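Student: no sequence for this one, just the structure:
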């Protein structure tokens, strides 16, 4: 899959994050949706990147801002002897994703406000599952410029100018 510039849909935004995950040498799997949905089966292929959109704000200037939550997950061995190594790897992967969002923003057809800071939350998945997962979660706001003078709704008369 390759990234798409001039994105217009949520599908295209998600595909760009899938492209980032696919190209990262440490991330093995990408999923869209609520991360807790993927715990139910107990099947993981860690490290993984999960993404979901918490909300979208559309301004009058034709910019849609997608509030995205990204979750990275990796497995800790039961004895916990690799916990620090896993946390360190998760931080490195998150740094790579955030940098990619800023550096390649034109390639992906979005922008990230330069004033935005990104807070990483690191925690251990606390439910009883077959996997012992360490998670790193962060939010990023992705701004997508959309033409405000077009509409895909068909009309039978001349549009009002």
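Tutor: Cool, the structure landed. These figures come from a predicted structure and were not determined experimentally.
Student: mind showing which ranges of this protein have poor pLDDT?
Tutor: 1-2, 36-43, 126-131, 147-161 (pLDDT under 70).
Student: Whichever helix or strand residue 66 is part of packs against which elements?
Tutor: Using DSSP states H and E, residue 66 sits within strand 63-75. Judged by 3 or more CB pairs under 8 Å, 6 or more residues apart in numbering; DSSP states H and E, the packing partners of strand 63-75 are helix 10-23, strand 48-58, helix 83-103, strand 133-145. No exception for glycine: its C-beta is placed from N, CA and C like everyone else's.
Student: Give me the residues contacting stretch 56-73.
Tutor: Contacts to stretch 56-73, defined as CB atoms under 8 Å, 6 or more residues apart in numbering, come from residues 10, 13, 17, 27, 35, 44, 46-55, 90, 93-94, 97, 125, 133-149.
Student: before we move on, the earlier item: to residue 119, which of the helices and strands packed on strand 63-75 lies closest?
Tutor: strand 133-145 (6.4 Å; CB to CB).
Student: tell me the angle of the closest one relative to helix 83-103?
Tutor: 10 degrees (axes from the mean of the first three to the mean of the last three CA atoms, to 10 degrees).
Student: What helices and strands are in contact with strand 133-145?
Tutor: strand 63-75, helix 83-103, strand 121-124.
Student: That one: which residues count as buried?
Tutor: 133, 134, 135, 136, 137, 138, 140, 141, 142, 143, 144 (16 or more other CB atoms under 10 Å).
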